[in-house]
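Novice: Provided below for reference: sequence and predicted model.
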Amino acid sequence: MGGMAVDVGGGGGKAPDGGWGWAVLAGCFVITGFSYAFPKAISVFFKELIREFDVGYSDMAWISSILLAMLYGTGPLCSVLVNQFGCRPVMMVGGLFASLGMILASFSTSIIHIYLCTGVITGLGLALNFQPSLIMLNRYFRERRPLANGLSAAGSPVALCSLSPLGQLLQYQYGWRGSFLILGGILLNCCVCGALMRPLVAPKTLKAKEEETEVMEKKKPKAKLLDFSVFRDRGFVIYTVAASIMVLGLFVPPVFVVSYAKELGTEDTKAALLLSILGFIDIFARPACGLIAGLKFVRPRCVYLFSFALIFSGTTDLVGSQAKDYSSLVVFCVFFGISYGMVGALQFEVLMSIVGSEKFSSAIGLVLLMEAIAVLVGPPGAGRLLDATKNYMCVFLLAGSEVVLSALVLAICSFVFIRKKPSALQNELTEACSKPTTNDDEEQKGVREEKRENEEVNGLNEEEERHKKDAETAKTEIRPESIIMDSQEVERFLKEPQKNGDVATNPETCL
């Protein structure tokens, strides 16, 4: 495969920051929407599935939990596959798995079949698409990467606002089995998005340099399938710990806000409208935050902007726990949508800036594995707290405290243990953007060598021509008598007729 070496190496060419990168961004937008919105959108079929299989809501909730667990928990597996085979083939196979899981689920006869098909197979397929798409986005964008991450993250609220009404319409027209079959066909678009992930190719150089590069590549050791050396990086360890704490409370408010509104006596339709408000604000918050994170002054301090977003989100949860009516919950959803969008736009941008392009494929897999454990603990733990206290205020207070704690861990530990100043980071970023790539240096060096060789060859030719002219001049000026005499004798010899078989009696020709 043409892109394998590029994928292993972490980028065979300079990031174009545009061009085909916009097609890659469009693919990431769709993949992010499917990955994050599908586990939530599948909940519209829960009532019909409960009647079909005679189970409870707790049994149905395992479908979304298994989907999220596969999305996060298979991170190391995705890293190994990407490092071995490249992003494009992994994503296309993942699209087939995601579609196959929903198609098989449409023929299910028990809830266990739904767990295996929708939860495991479709969840694995979405995971094989989500992580490679982020890796390719990181390779195609450098200077505009914060904006690209923000636009890509906006796919989640857009897909959620689209898939939920679509699911209700399909259920009304075709039932849950026909809906699962159609959704399986829609998920085949993941293969199309995977086909867009064209690997970057380094620019061509001289043949001699290509042969030298091939020899060097043969001598290089094989790349690690999963690089655990990222744990030696203090920034990565701090980020992993903070992200694990963050996930404990980040997803709790969207899960319980509708039930919270119903507890306050709100109608079902008005309560469901809260999620739409949250998603609508989220759509615009993510690109806007990505644009701000790409500013020259802000980008070297992106970790602290992410910490601010976490504090904003946690404080919103703490204040929202005191809501007493529907209007206060609407205000809560507006501010939570802004903070949630900021977190979504910055979480992977910060990780990319910490570990770099070469180790990002391994780093994101390990981070997602740690977050998978927290995802399985956070929302169920909040549910048990709600069952014990019968008070939503305690749930929102716990979630807000966990998110604020993660922000403090990230900000304080980054400031104390990572001594490199933001100004130094900004200077390094400026130098990296202004300095030409190694491929450009090699090409310029080759051009200089060719010019030097041409000058040497021209100098040698001029010297040879000068020597020839000097020799000819010397011959014309000084001509030996022996040479003149020999020429006269040759002319006389040719004029005199000789008999066949006779030998000329010239003393110079006798032995």
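Specialist: Okay, I see it. Numbering: from 1, shown residues only.

Novice: so Cys117 sits right up against Ile111, yeah?
Specialist: No - counting by CB atoms under 8 Å, Cys117 does not reach Ile111; the two are 10.9 Å apart. Every C-beta, even on glycine, is put in place using the N, C-alpha and C of the backbone.

Novice: more neighbours: which of the two?
Specialist: Between Cys117 and Ile111, Cys117 has the larger neighbour count (other CB atoms under 10 Å), namely 22 against 18.

Novice: what pLDDT does the more buried one get?
Specialist: Listed pLDDT for Cys117 reads 92.

Novice: ok, Val331 next?
Specialist: So Val331 comes in at 91 (pLDDT).

Novice: and if you look at the one 10 residues further on?
Specialist: Reading off the confidence values, Gly341 has pLDDT 88.

Novice: around it, how many other residues sit close by?
Specialist: Using other CB under 10 Å, Gly341 has 29 other residues around it.

Novice: nearest residue to it other than its sequence neighbours?
Specialist: Closest residue to Gly341 apart from its sequence neighbours, by CB to CB, 6 or more residues apart in numbering: Ala285 at 2.7 Å.

Novice: which SS class is the one you found?
Specialist: Under the three-state scheme (DSSP: H, G, I helix; E, B strand; the rest coil), Ala285 adopts helix.

Novice: so it makes contact with Phe336?
Specialist: No - here Ala285 does not reach Phe336: they are 10.1 Å apart, not a contact under CB under 8 Å.

Novice: mind listing what's buried in stretch 164-181?
Specialist: By neighbour count with 16 or more other CB atoms under 10 Å, stretch 164-181 contains the buried residues 164, 166-167, 170-171, 176-177, 179-181.

Novice: could you do stretch 252-261 as well?
Specialist: In stretch 252-261, counting by 16+ other CB under 10 Å, buried: 252-258, 260-261.

Novice: how about that stretch as CSV, C-alpha atoms only?
Specialist: The C-alpha trace of stretch 252-261 is given here as CSV (Å, rounded to 0.1, in the frame of the first residue of the first chain):
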residue,chain,number,x,y,z
VAL,A,252,-23.8,13.5,33.1
PRO,A,253,-25.8,16.7,32.4
PRO,A,254,-26.9,15.8,28.9
VAL,A,255,-28.1,12.4,30.1
PHE,A,256,-30.2,13.8,33.1
VAL,A,257,-31.3,17.3,32.0
VAL,A,258,-34.5,16.0,30.3
SER,A,259,-35.4,14.0,33.4
TYR,A,260,-34.6,16.9,35.6
ALA,A,261,-37.1,19.1,33.6
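
Novice: mind checking how far it is from the chain centre?
Specialist: In terms of CA atoms, centre = their mean, to the nearest Å, the centre of stretch 252-261 is found 32 Å from the chain centre.

Novice: now it: mean pLDDT?
Specialist: 79.

Novice: can we start the residue count at 50 from this point?
Specialist: Sounds good: first residue 50 from here, last item stretch 301-310.

Novice: contacts for that stretch, please.
Specialist: For stretch 301-310, the external contacting residues (CB atoms under 8 Å, 6 or more residues apart in numbering) are 319-321, 323-324, 327, 366, 369, 372, 375, 378, 381-382, 385, 389, 427-428, 431, 435, 441, 444-445, 447-448.
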